[in-house]
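K.L.:
pasting a predicted model and its sequence here:
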Amino acid sequence: MKRTVDGRFIEKRVIIDKNDLKEIMNSIKKKNNFTWDEIANKIGVNPQTVKHDWLVENRTLPLSFFKKLLILSKTNKDYKFEVIDPFWGQKISHGKQKLKNIRFPNKSETSFAEFYGILLGDGCINSDLKSLSITGDKYLDYYYYNNYLPRLIRRTFKISPKIYQNKDEKVIRCVVYSKSVDKYMIDAGFPVGIKYGKDCSIPIYISNNEKNLAACIRGLMDTDGSLSAHPNVKVMIHLSITIESLRKSVFDGLKKLGISGGMFDKGIMIYGTEKIDKFHKVIGFSNFKNNYKYAQFKRTGRVPSSKEVEMFIRKKAGI
């Protein structure tokens, strides 16, 4: 198999929901009694590629390796995935490839539910109805905005967003320029302009499906939530939600998923290792900073501060 100069495989690649990929990998571990290193050895890649690039950052994987995973998992389940051309991301970012036909997803798709949750967190349909934008921290959310979020949007709508960073501010913005996407999201129930003061909540068509409900809350957690240390119970999650209707729908959604927490006028708090472990198992994280904090907590018993995570990400990314 041919490789680029920096070692990437030149072949068609697969985009698949991270939770589905985890399910495939865990099936391989259970049925064959393999470690992650043994799985990596079986398909011919570095263990770090499996444990970090595929399962944490949810990067695309070569089609031939994906086929090997399916064979090893011995599964008959029909997983949804997309096969794309090599270097599609580079082509888009350099303006050499234009996606002419926007895809309008079925509202029952899990990727759409997660995207809806992301908008509920830090997103906004701009009042000119020409674009929508999502805002984050350019250091803490570096991998989320530069890797995960653009892939999710492309997988969901077949359109590539623009990523903007301000040198003088710690802000990163993901902008989708499309009147059609704006209209689709409005028709799906999302409000136009500033969300505060409007009837904003998780739509019933999402909350009626537990997998999609979990994905929606995951999107909100990764944009407007935080995992941090607590002096008494060691770890907590804070979902910052000031809109009453949204706060109540998220609180009800968590209860439906078997996760208890406390609700107050500025959000929802979830305390303690047992509840955080269940949140991770049922809902999970797509943002690198949250996965890193959780992994460090499980390894050391301590949640690193946001400042420590920022330093780690800046060093890792060279920014």
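P.N.:
Looks like it arrived, so ask away.

K.L.:
only C-alpha atoms for contact and neighbour calcs from this point on.
P.N.:
OK.

K.L.:
how much space between residue 306 and residue 289?
P.N.:
To residue 289, residue 306 is 8 Å away according to Cα to Cα, to the nearest Å.

K.L.:
between those two, which has more neighbouring residues?
P.N.:
Shown here are residue 306 and residue 289; by other Cα atoms under 10 Å, residue 289 has more neighbours (24 against 16).

K.L.:
in three-state terms, label the closest residue to the more buried one other than its chain neighbours for me.
P.N.:
The shortest distance from residue 289 to any non-neighbouring residue, by Cα to Cα, 6 or more residues apart in numbering, is to residue 140 (6.3 Å). Residue 140 falls in the coil class when you classify it by DSSP: H, G, I helix; E, B strand; the rest coil.

K.L.:
helix or strand next in line after the host helix or strand of residue 219, which one?
P.N.:
For residue 219, the element it lies in under DSSP states H and E is helix 210-224. Next helix or strand after helix 210-224 toward the C-terminus (DSSP H and E): strand 225-230.

K.L.:
low-confidence ranges in the stretch 151-300 of the chain?
P.N.:
Along the stretch 151-300 of the chain, the parts satisfying pLDDT under 70 run over 194-198.

K.L.:
repeat that for the stretch 1-150 of the chain.
P.N.:
Across the stretch 1-150 of the chain, the ranges flagged by pLDDT under 70 are 1-11, 52-53, 56-59, 84-100.

K.L.:
tell me where it has strands.
P.N.:
Remark: strands assigned in the stretch 1-150 of the chain by DSSP state E, counting those that start in this stretch are 13-16, 61-62, 81-84, 123-125, 131-137.

K.L.:
just to revisit the earlier point, what is the burial count for the residue nearest to residue 289?
P.N.:
By other Cα under 10 Å, the residues close to residue 140 number 25.

K.L.:
please name the residues that touch it.
P.N.:
289, 306, 309-310, 313 (Cα atoms under 8 Å, 6 or more residues apart in numbering).

K.L.:
please apply the same query to residue 51.
P.N.:
Applying Cα under 8 Å, 6+ apart, the residues near residue 51 are residue 36.

K.L.:
now swap in residue 221 and tell me
P.N.:
Residue 221 makes contacts with 118, 121, 239, 285, as judged by Cα under 8 Å, 6+ apart.

K.L.:
ok, 7 Å please
P.N.:
residue 239 (Cα atoms under 7 Å, 6 or more residues apart in numbering).

K.L.:
then residue 102?
P.N.:
Neighbouring residues of residue 102 by Cα under 7 Å, 6+ apart: 157-159.

K.L.:
these two touch, right, residue 120 and residue 219?
P.N.:
No: using Cα atoms under 7 Å, residue 120 makes no contact with residue 219, being 8.1 Å away.

K.L.:
quick one, which of these two is more surrounded?
P.N.:
More crowded of residue 120 and residue 219, by other Cα under 10 Å: residue 219, with 29 against 26.

K.L.:
from residue 119, how far out is that one?
P.N.:
Distance from residue 219 to residue 119, counting by Cα to Cα: 8 Å.

K.L.:
hey, where'd the strands end up in the stretch 201-319 of the chain?
P.N.:
Assigned strands in the stretch 201-319 of the chain, in chain order: 225-230, 234-240, 262-264, 267-271 (criterion: DSSP E, counting those that start in this stretch).

K.L.:
give me the sheet partners of the last one and which way each runs.
P.N.:
Meaning strand 267-271. As defined by DSSP bridges, the strand partners of strand 267-271 come to strand 234-240 (antiparallel), strand 262-264 (antiparallel).
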